[in-house]
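> with the input below, show me the fold.
(one chain, ligands or ions: 1)
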Amino acid sequence: MADKQETSKLFKYKGFNFISNVHDEKFLDTLENFEIHESDICSVTYPKSGTVWMQYILSLMFYSDEVTGEKAKMTTEVCPWIEVYTKKFDYNKFPSQRLFVSHLPWDLIPDGLRKRGKVIYLARNPKDVAVSYYHFHKYIACLESEENFDTFLDRFLEGNVFGSSWFDHIKDWYSHKDQFDFLFLTYEEMKKDLRSTIVKISNFVGKKLEDKTIDMIVEKGTFKRMQNNPIANYKSLCKIHLNSSEGTFLRKGTVGDWKNIFTVAQNEKFDAIYQKKMEDFGLDLVWEISE
Ligand code: PPS
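The predicted structure follows:
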């Protein structure tokens, strides 16, 4: 097993699980009144749903010169996490077009986003989320990993992870979507047709893109290109902030990887819980696609 350095603990803040060493209660206290600008764009995800992918795509859309080339900045500098305090940033000194990513639940998001700014909610089918999260816990040495997938899956289904329950996250956001200027997207549709998704995003955020810019974003946003790109692959960031040990942040980037790890019993259990929790939620997710 990897060298475990200082293990982070989950802590609850207003009912939602955060991670010590990454999140700070005092900073979280300030978020409710975090000033939101008219042009702010915030991409919201449950963990392991394609956050970093969307972060890079938004960065390329608005700040391609800053995240490409020799002096490129990390995507986190151009499109930071709204809930992670970083000494380096004064968000009010950011350029007028601010971009954010967030894992926050709908009720902890800065209230101003209900009045101005835009929210893009990116969802991923929860079986692939669970598998990605399991590997992430092994990779990130400061997170407590589980002995095996079976015990991790229970933990995930109980919401005993950072981000709490996948079910609550998506249902709460989706059922309150009318409070926000809101676009709902899925990881799977990005995988199926990245170009169309980029066009959808650009229409939503009101950013006109030339065909060649869309081509550039599609090309740079592929899994392989991002995996080999130090600006987008999170390798250095994991080393600094999260004590990375083994594995990789951009791991497989596929739809349906859950089929390689779920047993029949795990799948039946998952489906039963999914059906119960999501029965009133009319949203069809994609569980596999042939690539
Ligand atoms: S985190 O830790 O919550 O911010 O993780 P997050 O970025 O939300 O999700 C990580 C998963 O997204 C995959 N990913 C991609 N898939 C396809 N194409 C591209 N370009 C891409 N970029 C990131 C990443 O590989 C993780 O999924 P898994 O299944 O583990 O590979």
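> how about the residues of this protein near the ligand?
45, 47-53, 128, 132, 135-136, 221-223, 226, 250-253, 257 (Cβ under 6 Å from any ligand atom). To be clear about C-beta, it is placed using only N, CA and C from the backbone, and glycine gets the same treatment.
> swap in 5 Å and give it another go.
Contact residues, the chain versus the ligand (Cβ under 5 Å from any ligand atom): 47-53, 132, 223, 226, 250-253.
> any idea how far residue 197 is from residue 186?
Between residue 197 and residue 186 the computed distance is 9 Å (Cβ to Cβ, to the nearest Å).
> again with residue 129
Distance, residue 129 to residue 186, using Cβ to Cβ: 11 Å.
> next: residue 122.
Using Cβ to Cβ, one obtains 7 Å as the distance from residue 122 to residue 186.
> now swap in residue 31 and tell me
Distance of residue 31 to residue 186, computed by Cβ to Cβ: 26 Å.
> and for residue 42?
Taken as Cβ to Cβ, the span from residue 42 to residue 186 is 18 Å.
> and residue 228, by the same measure?
Per Cβ to Cβ, residue 228 is found 25 Å from residue 186.
> who's more crowded, those two?
In this view residue 228 and residue 186 are compared by other Cβ atoms under 10 Å, and residue 186 has more residues nearby, 21 against 10.
> neighbours of the residue nearest to that one when sequence neighbours are not counted, how many?
Closest residue to residue 186 apart from its sequence neighbours, by Cβ to Cβ, 6 or more residues apart in numbering: residue 123 at 5.1 Å. Per other Cβ under 10 Å, the neighbour tally for residue 123 reads 24.
> tell me the pLDDT of residue 123.
With respect to pLDDT, residue 123 has a value of 98.
> please shift the residue numbers so they start at 501 in all later answers.
In the new count, where the first residue is 501, that last one comes out as residue 623.
> next, the contact list for it, please.
Going by Cβ atoms under 8 Å, 6 or more residues apart in numbering, residue 623 touches 545, 546, 549, 670, 684, 685, 686, 687, 785.
> secondary structure and pLDDT for those residues - can I get that in a markdown table?
Shown next, in a markdown table, are the contacts of residue 623 (DSSP: H, G, I helix; E, B strand; the rest coil; pLDDT from 0 to 100):
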| residue | secondary structure | pLDDT |
| --- | --- | --- |
| 545 | strand | 98 |
| 546 | coil | 98 |
| 549 | coil | 98 |
| 670 | helix | 98 |
| 684 | strand | 98 |
| 685 | strand | 98 |
| 686 | strand | 98 |
| 687 | helix | 98 |
| 785 | coil | 94 |
